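>>> need a structure here:
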Amino acid sequence: MTSTATASFTVDQWEPQATDEFAGNDLSRVAIAKTFTGAVEGTSKVELLTATNATSRAYVGFERLEVSVDGRKGSFVLHHTADDESGMTVKILTGSGAGELTGITGTAEIEIEGDDHRLTLTYTL
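As a prediction, this is how the structure comes out:
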């Protein structure tokens, strides 16, 4: 059975770790920390790799969540990919669930409107 859990989140840390320029492309690594409140409650740490140039931008990242989802405590990993052409895709990494979230699968949607940040997790457990 598929369930949906929605939470607000704050970005507690946005820290560039390294930057490099290669043939007109800016390559960066960024460390991020978040706090979630709502049906997803807890914290996460994100590692992003980004690439930007005069005509496009893209990123890939992995986010390690230590949270409760609808009251079930555990952890799992979100795999992020995004670019200007395809948009953003965020999926739960198969086999990454632990604790009461062992076996979790699904996707996530991230919405940012001004200072409001929201995560909607569509999952099966």
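>>> ok, residues contacting the biggest strand by length in the chain?
As assigned by DSSP state E, the longest strand anywhere in the chain is strand 2-22. The contact list for strand 2-22, computed with Cβ atoms under 8 Å, 6 or more residues apart in numbering, reads 26-41, 69-70, 106, 116-125. Heads up, the C-betas are built off the backbone N, CA and C, glycines and all.
>>> Ok, stretch 42-54 next?
With Cβ under 8 Å, 6+ apart as the criterion, stretch 42-54 contacts 24-36, 57-68, 78, 80.
>>> same thing but 7 Å
Residues from elsewhere that reach stretch 42-54 (Cβ atoms under 7 Å, 6 or more residues apart in numbering): 24-36, 57-68.
>>> buried set for it?
Buried residues in stretch 42-54, counted by 16 or more other Cβ atoms under 10 Å: 42, 44, 46, 48, 50-51.
>>> Strands - which of those residues land there?
42, 44, 46, 48, 50-51.
>>> can I get those residues in JSON lines with pLDDT and distance to residue 95?
Formatted as JSON lines, those follow (pLDDT from 0 to 100; distance: Cβ to Cβ, whole Å):
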{"residue": "42", "pLDDT": "98", "distance to residue 95": "20"}
{"residue": "44", "pLDDT": "98", "distance to residue 95": "18"}
{"residue": "46", "pLDDT": "97", "distance to residue 95": "19"}
{"residue": "48", "pLDDT": "95", "distance to residue 95": "22"}
{"residue": "50", "pLDDT": "94", "distance to residue 95": "26"}
{"residue": "51", "pLDDT": "94", "distance to residue 95": "28"}
